[in-house]
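Chemist: here is the input, now give the coordinates:
(2 chains)
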Amino acid sequence: MSVAGLAKRYGDLVAVADVSFEVAEGEIFGLLGPNGAGKTTSVECVQGLRRADSGDISVLGLDPRADVERLRRVIGSQLQESALPQRLRVAEALDLFSSLQAGGPSWRAVMDDWGLTPKAGSAFGSLSGGQRQRLLVALAVVNSPKVVFLDEMTTGLDPAARRATWGLIERIRDNGTTVVLVTHFMDEAERLCDRLAVVNEGRIVATGTPGQLIAEHTREVTVRFSAPGNLDFLRGVAGVEAVDRRGHSVTVRGEPVIVARVGRALSEAGIEPIDMAVVRPALEDVYLHLVGQDGA
Amino acid sequence: MGPLGKLTAMELRLFFREPITVVFTLALPLMILYLLGGVFGNAAGDNTSPDGIVPYRGFGATNWYTAAYVAVAVAGFTLISAPTHMVEYRETGVLRRLRASAVPRWMVLASQFLTSLVIATVGAAVLLAVALAATDVDPPVNWWAFLAAYVLGAFALVSLGLALGAVMPTARAAQSAGLVLWFMLLLICGAGPPPEVLPDAMRTLGQWLPLAPVISLLQEPWLTGGWAGRQALVVVGIGVASLAVAWRLFRWE
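Modeler: Sure, this is the predicted structure:
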C-alpha cells in the first residue's frame, strides 16, 4: 500500500495537508497522533470512504477512487463510530457480513476462532465493550481480507480488555494479514506496530520502527541508583548533562554513552549501587517531542 | 439467500424483536377503526346532519373508514417507524459499517423498501382480516381493483418514507415529521372526519397532501367498484418522485 501527497479539506478546514506513507505486506503499521491530526480522514480516504482532494493512493494495486467496489471486497474495516443494530445477535451479524463479502471461511469457523461462540445468541446491545470490539474485529476479518484497517479500537476499553484486543490484532497479523492501526495511545503503538508514522496537524512528522523513532528523536537516557556521599564528580563525566539528588536517590541524565561511563566512574570511586537502573526514553517521549506537549 | 435477502430478513427479525413497535403498527389502526365504526355505524346516510350535509359521500361510515384505514395502517409504519429507523442507522454508524463491507446504496434502500413494504402489508392484512371478521363492514365491491389500488398506494407510502429517511437530519426530526404527516392523514385527508364537514380551507389543504389521493384510490374500488384513474397517476408520481429523492439525498453518515 502506498499513499503519496494525500490531502483532504472540509470547507476551510484542512483535515489532511500532506500525508505520505507506505505499508509493507504482513506488517502492523500504525498511524499515531493526537485527536484531530487527520489520521482517521487519511485511512478513510485510503478505504474509499472519503474522496481525497489530491494525492496518489494505491492499495493492493487498486485506486480507491476508481476501483472502490473491488477494493472494499479485499479489505476489512473496523471503523470509528460504527455500530450494529442493538438487537442483532452475534451469530446473525457474522452470518450477514460473511454473505456481504463472499470469499471468506465459514462464519461459524470465524465465530469459533474469535471465542464468540458462547455469545452466539446475545444481542449486540448486551455485549460488553471488549466483546463488542471482538465482534467488530471478527466482522472485519470475516471475508479473509488482505488488509485490515482498525481505527481507535481500544478507546473506552478497560485495561484487561485492551490487552485482550492487542492479542487479537497480533493474531490477525500472524495469519498473514496486513494491519493498519490508527491510535492515539503510545503504549499501544509501541507494543503492536512493526512500523509507524506520527501524524500531527495533517502531516506525517516521522516514520520508522518504534526503536528507530526513539533512537532518532531522543538523545537522552536516565540512570538511577541510590548512594550516599558526595557524587559531584559525576558532573565531570563526558556526556553527562545533569545530576540530581533527592536524599539517597540519584538521577543522572545525558547521552546514551553515559550508562557505561557513569558505571565505571562509580566503580572506580568504590561505589557499587545494587539498584542501578537505566531508563531509556519511550515512544511517549518521542511523541511529545514531535507533536508538542499541548498535542498530547 | 443473497445479501439483499439476508439484509431484509435481518430487518424483519429485528422488527419483530421490538414489541412496542409491533403493537403500535398492528394494533393502533384497529383500535381507532373500532372506535369510529362504533360511533358512526354503517348504515348509508345514517349520519346526515340537521342542515342536510350527507357525510361519507353517502356511504356507510365503517365501509368508508375501513378502506381509509388501510392507508393509515400502512402510513403508521412507513412514515414514522421506517424513516426513524433509517436515520438511527445513520446516526449510530450502522450505515458506515454496512458501507465499509461493500454494501452498495441501492441495496440499503432496497432492503429498507422491502422491509417497510412487508411490515406495512402485514399491518394492512391484519386490519382487513379483523375488520371483515368482527365489524359490519361490507367487503370491497371490486377486490381486484382494491388490491391494485393497495399495491400503488403502498408503493407511494413506502417510497415517501424512504425519502423522509434520506432527508431528515436526526431521528427525532424524522419521528416528528412522520407523526405530523400521519396525523394529517388521520384528520384532514379523508381518514378522520368526513371531508364534507371540514372547513373549506382544511379540505383544500388535505387534498393537496400526498396522502389524500392514496385514500381516494383505495376507497373508490371498495365503495363503488370503480377506479380512480387521476388519483392513481398522482400516487404513482408521488412514489417515483420519492424514490428519486431518496436515491439522490441518501447519506451514509
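
Chemist: so where does residue 87 fall, helix or strand?
Modeler: As the question left the chain open, I've gone with chain A. Assignment of secondary structure by DSSP states H and E places residue A:87 within no helix or strand.

Chemist: please refer instead to chain B.
Modeler: Per DSSP H and E: helix B:82-92 holds residue B:87.

Chemist: is that helix in proximity to chain A?
Modeler: Yes: judged by CB under 8 Å from any CB of the partner chain, helix B:82-92 and chain A are in contact via B:89, B:92. In this view, the C-beta of every residue, glycine as well, is placed from N, C-alpha and C.

Chemist: contacting residues around that helix?
Modeler: By CB atoms under 8 Å, 6 or more residues apart in numbering or on different chains, the surrounding residues in contact with helix B:82-92 are A:83, A:85, B:94-95, B:112, B:115-116, B:158, B:161-162, B:164-166, B:168-171, B:173-175, B:177-178, B:251-253.

Chemist: could you turn the buried ones of those into a PyMOL selection?
Modeler: Listed next is the PyMOL selection for buried residues among those, using 16 or more other CB atoms under 10 Å in any protein chain shown:
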select buried, (chain A and resi 83+85) or (chain B and resi 94+95+112+115+116+158+161+162+164+165+166+168+171+174+175+177+178+252)
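
Chemist: the contacts of helix B:82-92 in helices, which ones?
Modeler: Within the contacts of helix B:82-92, residues falling in helices by DSSP state H are B:94-95, B:112, B:115-116, B:158, B:161-162, B:164-166, B:171, B:173-175, B:177-178.

Chemist: of the residues you listed, list those near chain A.
Modeler: Residues shared between the ones in helices among the contacts of helix B:82-92 and the neighbourhood of chain A are residue B:94 [CB under 8 Å from any CB].

Chemist: let me know the secondary structure of residue A:93.
Modeler: Counting by DSSP: H, G, I helix; E, B strand; the rest coil, the backbone at residue A:93 sits in helix.

Chemist: I figured it hits residue A:140, correct?
Modeler: No: using CB atoms under 8 Å, residue A:93 is not in contact with residue A:140; the gap is 11.8 Å.

Chemist: averaged over its residues, which helix or strand of chain A has the lowest pLDDT?
Modeler: helix A:283-295 (a mean of 74; mean pLDDT, DSSP states H and E).

Chemist: list the buried residues for it?
Modeler: Residues of helix A:283-295 classed as buried: A:283, A:285, A:286, A:287, A:288, A:289, A:290, A:291, A:295 (neighbour count, 16+ other CB under 10 Å).

Chemist: which residues does the first one contact?
Modeler: Read it as residue A:283. Per CB under 8 Å, 6+ apart, neighbours of residue A:283: A:32, A:186, A:187, A:189, A:190, A:210, A:213, A:214.

Chemist: need phi/psi at residue A:90.
Modeler: phi -50, psi -50 (degrees, to the nearest 10).

Chemist: contacting residues around the residue lying closest to residue B:80 once chain neighbours are set aside?
Modeler: Spatially, and ignoring its direct neighbours in sequence, residue B:80 is nearest to residue B:178 (3.6 Å; CB to CB, 6 or more residues apart in numbering or on different chains). Contacts for residue B:178 (CB under 8 Å, 6+ apart) come out as B:79, B:80, B:81, B:83, B:84, B:161, B:164.

Chemist: residue boundaries of the helices in the chain?
Modeler: No chain was given, so I picked chain A. Residue ranges of the helices in chain A, as given by DSSP H, are A:39-46, A:68-74, A:90-100, A:107-113, A:129-141, A:159-174, A:186-192, A:210-217, A:258-268, A:283-295.

Chemist: ah, no, chain B please
Modeler: All helices of chain B, identified by DSSP H, fall at B:3-16, B:19-40, B:61-75, B:82-92, B:94-100, B:105-134, B:143-167, B:171-188, B:200-208, B:212-223, B:229-249.

Chemist: so for the longest one, mean pLDDT?
Modeler: Computed over helix B:105-134, the mean pLDDT rounds to 93.

Chemist: ok, now the shortest one?
Modeler: Model confidence over helix B:94-100 averages 90 on the pLDDT scale.

Chemist: related to what we said a few turns ago, for the residue nearest to residue B:80, give its distance to chain A.
Modeler: 19 Å (CB to the nearest CB, to the nearest Å).

Chemist: residue A:20 and chain B: what is the separation?
Modeler: From residue A:20 to chain B the distance is 24 Å (CB to the nearest CB).

Chemist: and residue A:77, by the same measure?
Modeler: For residue A:77, the distance to chain B equals 4 Å [CB to the nearest CB].

Chemist: got the contact list for that residue?
Modeler: By CB under 8 Å, 6+ apart, the residues touching residue A:77 are A:47, A:140, A:148, A:149, A:151, B:100, B:101.
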